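> Here you go, sequence then predicted model.
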Amino acid sequence: MNSDTTLAEAPPPPYSSFSNGMKRYIVFTAAGAGFFSSLSAQIYFPALNTLAEDLNVSTSLINLTVTSYMIFQGIAPMFIGNFADQTGRRPAYIICFIIYIASNIGLALQDNYAALLVLRCMQSSGISSSVALSAATVADVSTKQERGSMMGIVMAGNFMGPAIGPIIGGLLAQYLGWRSIFWFLTIVSGVYLVPLLFFLPETARNVVGDGSLPAQSWNRPFVQYLLSHEKVAEALSRASTEGSDRPSTGESTLKPKHKLSFPNPLKPLAVVCHPNSIIILIVTGIIMGGNMTVLSSITEIYSSQYNLSMLQIGLCYITLGTGSIVASVTTGRMLDWNYRRMGSKLDNDPTTGEEKPEDAIPVEKARSMITIPLVIVGSVTVLAFGWVLQYAAPLAAPEILLFFVGVGQTGGFISTSTLLVDLHTSQPAAATAANNLVRSFFSAGASAAIDPMLTALGRGWSFTLVAFILLSTIPFLLLLCGVWRFEKTSKQEETLKA
């Protein structure tokens, strides 16, 4: 199987002509969108018991709203990802946030369980796609040399949810009631949507190429309709001037497709139907499944072992969230550093003296070299986390370990997610949607399995098993490097024969 035709159905145009300032604005806007997805899941947890009492239903039924949220978190991006790749990021963002805001208003006003369940599914369907859109937006405006750092910023926004979501939810539920949680989400998402509508440009390469081509008339920032045509032309010229001096990466241009099309939810699976991509999806799913075993067990263990209140337990998530944010920033920089380091080791073409193209850098190996030590850190600290709980160590011990769990597992996830985008720059939203589906199902399975495991094996041996499952991803990562080298060598041999 030829990797080039499978991993990139059509080569994207030369990288972004957006200025550095505009690129930073786009990346931070994408990070904000991803933040709402994780926040909406985590902010809900402190209100579960109160909701069960007010709606007069069992705790198991309320927990079903959490499970359904996770299921739709995996399914919905399959539709939006393909739509965003073909039609554009802006309309996809707008559709997601309209659905999200409407569902939050409904959740704040509803009074029965059926409405809660349906609206939670609707809320998840709206906002969960923002993670895929954020990663796709980064792919639109970045090169491989800088993509790690940009993905790190986006993922930092995504992982702020677990850090502050339970705290905000606990405070709102305790002092203003559970309905205030959804009014809060309505207000902050509405405030976020306004500048997105006015200033965020379209970045999808199928629509605007490298950023220098005009988007559809209905798919432009509102500010362009408020300025005169001369000012718009001048602003667009300034936005593209800095990037136009970039050297070409040797990739051919792609003719924009200005069309609306019904999203094909199976397209993301077809996009990633390649051995390298399947390995990345499995590794990412296992990493996030391991992360979910820790997240979903903290509340029960901390309340029974340390007698903490819901608000105190929410505060205990800060260390895990802080580790995740630190990993988001540092992992991205390490990915970029290692990619540049490997690029600097490439020899120039002996016949022409020209530098070898970017595609000559083994990107799978460059990313996996960073992923493997992060997986080891995450695995060892999960193992230690289980045994300090088994022996009832002081609260400081598991809290310190949670920081490093966040560093290792979040860093590994960012590294594999960046690699998947590297391999699918022509359809990054679809590839990320497939990634989101797989990790959501792994996470749902892990959250369902951890309680029976803790009952049957105890805390120490349960997390020991989780740690060894996480370590089992390392052979996959080593195989990934070997697969890439084999494919590249085969391609080079075919070229020599021709």
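Great, that's in hand. Numbers count the residues shown, from 1 in each chain.
> helix or strand for the most centrally placed residue in the chain, which one?
Among the residues of the chain, the one closest to the centroid is residue 131, at 4.7 Å (CA atoms, centre = their mean). Element membership of residue 131, judged by DSSP states H and E, is helix 129-141.
> now for that helix, which elements pack on it?
helix 20-42, helix 59-87, helix 89-109, helix 144-175, helix 396-423, helix 428-471 (3 or more CB pairs under 8 Å, 6 or more residues apart in numbering; DSSP states H and E). Bear in mind the C-beta positions are built from the backbone N, C-alpha and C, glycine included.
> how big is the angle separating it from helix 144-175?
Here the directions of helix 129-141 and helix 144-175 differ by 160 degrees (axes from the mean of the first three to the mean of the last three CA atoms, to 10 degrees).
> Taking their axis directions, helix 129-141 and helix 396-423 sit at what angle?
Using the same axes, to 10 degrees, the inter-axis angle of helix 129-141 relative to helix 396-423 is 50 degrees.
> Now do the buried residues in helix 129-141.
Neighbour counts over helix 129-141 (16 or more other CB atoms under 10 Å) mark 129-141 as buried.
> Dump the residues you listed to TSV, plus pLDDT.
As requested, the buried residues of helix 129-141 are exported to TSV (pLDDT from 0 to 100):
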residue	pLDDT
129	84
130	87
131	83
132	82
133	88
134	88
135	85
136	86
137	89
138	87
139	84
140	86
141	87
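> Which member of those residues is positioned nearest residue 27?
Of all the buried residues of helix 129-141, residue 27 sits closest to residue 138, with 6.3 Å by CB to CB.
> quick one: low-confidence ranges for this structure?
Across the chain, the ranges flagged by pLDDT under 70 are 1-16, 227-269, 271, 310, 346-360, 483-498.
> Just the CA trace of the helix holding residue 131, in PDB.
Extracted as PDB, the C-alpha positions of helix 129-141 are listed here (Å, rounded to 0.1, in the frame of the first residue of the first chain):
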ATOM      1  CA  SER A 129     -16.700  18.800  17.500                       C
ATOM      2  CA  SER A 130     -14.800  21.900  18.500                       C
ATOM      3  CA  VAL A 131     -11.800  19.700  19.400                       C
ATOM      4  CA  ALA A 132     -11.600  18.300  15.900                       C
ATOM      5  CA  LEU A 133     -12.100  21.800  14.400                       C
ATOM      6  CA  SER A 134      -9.300  23.200  16.600                       C
ATOM      7  CA  ALA A 135      -6.800  20.600  15.500                       C
ATOM      8  CA  ALA A 136      -7.800  21.100  11.900                       C
ATOM      9  CA  THR A 137      -7.400  24.900  12.200                       C
ATOM     10  CA  VAL A 138      -3.800  24.400  13.500                       C
ATOM     11  CA  ALA A 139      -3.100  22.200  10.500                       C
ATOM     12  CA  ASP A 140      -4.400  24.900   8.200                       C
ATOM     13  CA  VAL A 141      -2.000  27.600   9.400                       C
END
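> That helix relative to helix 428-471, how many degrees between them?
For helix 129-141 against helix 428-471, the angle by the same axes, to 10 degrees is 110 degrees.
> circling back: between the buried residues of helix 129-141, which is closest to residue 462?
Taking CB to CB as the measure, residue 462 lies nearest residue 131 of the buried residues of helix 129-141, at 28.5 Å.
> quick one, what contacts the closest one?
Applying CB atoms under 8 Å, 6 or more residues apart in numbering, we find residue 131 in contact with 34, 37, 77, 158, 432, 436.
> can you count the residues close to residue 98?
Neighbour count for residue 98, taken as other CB atoms under 10 Å: 12.
> let's have the chain start at 42 instead
Got it, the first residue is 42 from now on, which makes the last one we talked about residue 139.
> returning to what we had before: compare the contacts of residue 172 and tell me which has the most neighbours.
In those, the most neighbours by other CB under 10 Å go to residue 118, 32 neighbours.
> Excluding chain neighbours, what is closest to that one?
Spatial nearest neighbour of residue 118, excluding adjacent residues (CB to CB, 6 or more residues apart in numbering): residue 474 at 3.7 Å.
> Report the angle between the helix or strand that contains residue 90 and helix 185-216.
Assigned by DSSP H and E, residue 90 belongs to helix 89-96. On the basis of the same axes, to 10 degrees, helix 89-96 is oriented at 50 degrees to helix 185-216.
> Any chance you could give me helix 89-96 in CSV, C-alpha atoms only?
Taking Å, rounded to 0.1, in the frame of the first residue of the first chain, the C-alpha atoms of helix 89-96 are listed here in CSV:
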residue,chain,number,x,y,z
LEU,A,89,-25.0,15.1,39.9
ASN,A,90,-26.3,14.3,43.3
THR,A,91,-28.4,17.5,43.5
LEU,A,92,-29.8,16.8,40.0
ALA,A,93,-30.9,13.3,41.1
GLU,A,94,-32.7,14.8,44.1
ASP,A,95,-34.4,17.6,42.3
LEU,A,96,-35.6,15.4,39.4
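> got the contact list for it?
99-100, 102-104, 107, 152-154, 157, 214, 218-219, 351.
> With stretch 488-507 instead?
Defining contact as CB under 8 Å, 6+ apart, one finds that stretch 488-507 is touched by 108, 111, 331, 333-338, 341-342, 423-424, 426-428, 430-432.
> If we use 7 Å, what do you get?
With CB atoms under 7 Å, 6 or more residues apart in numbering as the test, stretch 488-507 has contacts from 331, 333-334, 337-338, 342, 423-424, 426-428, 430-431.
> So which of these belong to helices?
Among those, the members found in helices (DSSP state H) are 331, 333-334, 337-338, 342, 423-424, 426-428, 430-431.
> Would you write a ChimeraX line that selects the buried entries of the residues you listed?
Only the buried entries of the ones in helices among the contacts of stretch 488-507 go into this ChimeraX selection, using 16+ other CB under 10 Å:
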select :331,333,334,337,338,342,423,424,426,427,428,430
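> circling back: just want the angle from the helix holding residue 90 to helix 100-128.
Using the same axes, to 10 degrees, helix 89-96 lies at 110 degrees relative to helix 100-128.
> Quick check: buried residues in helix 89-96?
The neighbour-count check on helix 89-96 (16+ other CB under 10 Å) flags 89, 92, 93, 96 as buried.
> ditto for stretch 202-219
202-215, 219.
> try stretch 374-384
For stretch 374-384, burial by neighbour count (16+ other CB under 10 Å) applies to 375, 376, 377, 379, 380, 383, 384.
> who touches the closest residue to residue 457 other than its chain neighbours in this structure?
Excluding its sequence neighbours, the residue lying closest to residue 457 (CB to CB, 6+ apart) is residue 325, at 4.5 Å. By CB under 7 Å, 6+ apart, the contact set of residue 325 is 454, 457, 458, 476, 479, 480.
> Can you report how many residues lie near the second one?
Residues contacting residue 457 under the criterion other CB under 10 Å number 31.
> Isn't it up against residue 324?
Yes: taking CB atoms under 7 Å as the definition, residue 457 is a contact partner of residue 324 at 5.5 Å.
> Okay, residue 406 and residue 311: tell me how far apart.
Separation of residue 406 from residue 311 (CB to CB, to the nearest Å): 26 Å.
> ah, wrong one, I meant residue 425
Residue 425 is 41 Å from residue 311, where distance means CB to CB.
> And stretch 326-333, what's buried?
326, 327, 328, 329, 330, 331, 332, 333.
> And the spatially closest residue to residue 402 that is not a sequence neighbour, how far from residue 179?
Leaving aside its chain neighbours, residue 402 sits nearest to residue 384 (4.9 Å; criterion: CB to CB, 6+ apart). Note on residue 384: its distance to residue 179, by CB to CB, is 19 Å.
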